[in-house]
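Colleague: following is a predicted model, sequence given first.
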Amino acid sequence: MFGKKRRLFRPQIKPRRTGKIGNLLKKLLSLAILVFLIYLFFFSSYFLVSEIYIAEENIDNMALGEEIKAGAKKGIGKNIIFLDTDELNTKIFGSFPQLQNLQIEKDYPKSLKISFTEFPLAANVNNEAPNLKKSYIINSMGYAIEEDLKSTTLPTITIKSAEPLNTANPIIEAQKLNYILNAKTYFEEKFGMKVKEILYKPQAREVHLITEKNFAIWLDIQKSAEDQLKKLKKALVKLNIFNDPLLYIDLRIAGGNGDKIIYKRR
């Protein structure tokens, strides 16, 4: 009687349906969020570019800034998330030779911020061609930035040409412009005499520094300006450039020892 074991019967508990409902709600919520994000990113106007502005805009860069903004208007109405600002930057940068740097940044949710710097202005240029005289202000890359204007703080370079200068290209190549300006500075520093004007002859490859004493220093742009002017420095023991009535001093021709100079009095 006591040797028999009793069998225990455990009632089967059915799983609650609440777990399935919870998982279904999570999936529906995730789907709703996904649909909302797709709509937000792809179909709503929330991320469409509606504003373009210049960082650190001031009275000096306002005019150029407006031109750059006009070039960037292709981005208006585009989805800022997928907008290729590098491509837009490249197209605009190539249209403005006065720009040294240009950066277009996304300012979420719907703005583009433009930052830029310009090459510094370097010189006034007077172009004398048959039946035409024009004046320009060029930057350090040699491009004409202003027309029919002159700066009182910049050196003046005169170019005589058979045809009017083509302003679509650099009026003076950057390397040659740098040579001309450095030659002027070196002469003024070493001789204590101002250069009031510069005559540049591209075909002859000559630079004439017109001094405040109204005589010209002739330089060969293919040779070092510093080396040519050092010849003049050595000649000061015999040639008084400060008091003699000179017309020009030609430093282009090298003699046997490289120190030969030619000059003409008035």
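Modeller: Perfect, thanks for sending it.
Colleague: can I take it that Thr117 is in a strand?
Modeller: Yes: Thr117 sits within a strand when classified using DSSP: H, G, I helix; E, B strand; the rest coil.
Colleague: from memory it sits against Gln103, does it?
Modeller: No: taking contacts as Cβ atoms under 8 Å, Thr117 lies outside contact range of Gln103: 9.4 Å. Placement of C-beta: from N, CA and C, glycine included.
Colleague: now the element after the longest helix seen in the chain, going C-ward?
Modeller: In the chain, with assignment by DSSP state H, the single longest helix is helix 18-38. On the C-terminal side of helix 18-38, the nearest following helix or strand under DSSP states H and E is strand 51-54.
Colleague: whatever helix or strand comes next after that following strand: which residues count as buried?
Modeller: Counting by DSSP H and E, the next helix or strand C-terminal to strand 51-54 is helix 62-71. Going by neighbour count (16 or more other Cβ atoms under 10 Å), the buried part of helix 62-71 is Leu64, Gly65, Ile68, Lys69, Gly71.
Colleague: same check on stretch 103-112?
Modeller: For stretch 103-112, the buried set under the neighbour-count rule, 16+ other Cβ under 10 Å, comprises Ile104, Lys106, Lys110, Leu112.
Colleague: that stretch: end-to-end distance?
Modeller: Length of stretch 103-112, first residue to last, Cα to Cα, to the nearest Å: 10 Å.
Colleague: give the rounded mean pLDDT of that stretch.
Modeller: For stretch 103-112, mean pLDDT rounds to 94.
Colleague: ok now it, how far from the chain's centre?
Modeller: Centroid separation for stretch 103-112 versus its chain: 21 Å, with Cα atoms, centre = their mean, to the nearest Å.
Colleague: closest to Thr156 out of the buried residues of helix 62-71?
Modeller: Closest to Thr156 out of these is Leu64 (23.7 Å), distances taken as Cβ to Cβ.
Colleague: the closest one and Asn89: what is the separation?
Modeller: According to Cβ to Cβ, to the nearest Å, Leu64 stands 16 Å off from Asn89.
Colleague: quick one: pLDDT of the residue lying closest to Phe215 once chain neighbours are set aside?
Modeller: Nearest residue to Phe215 in three dimensions, chain neighbours excluded: Leu246, at 3.8 Å (Cβ to Cβ, 6 or more residues apart in numbering). Leu246 carries a pLDDT value of 96.
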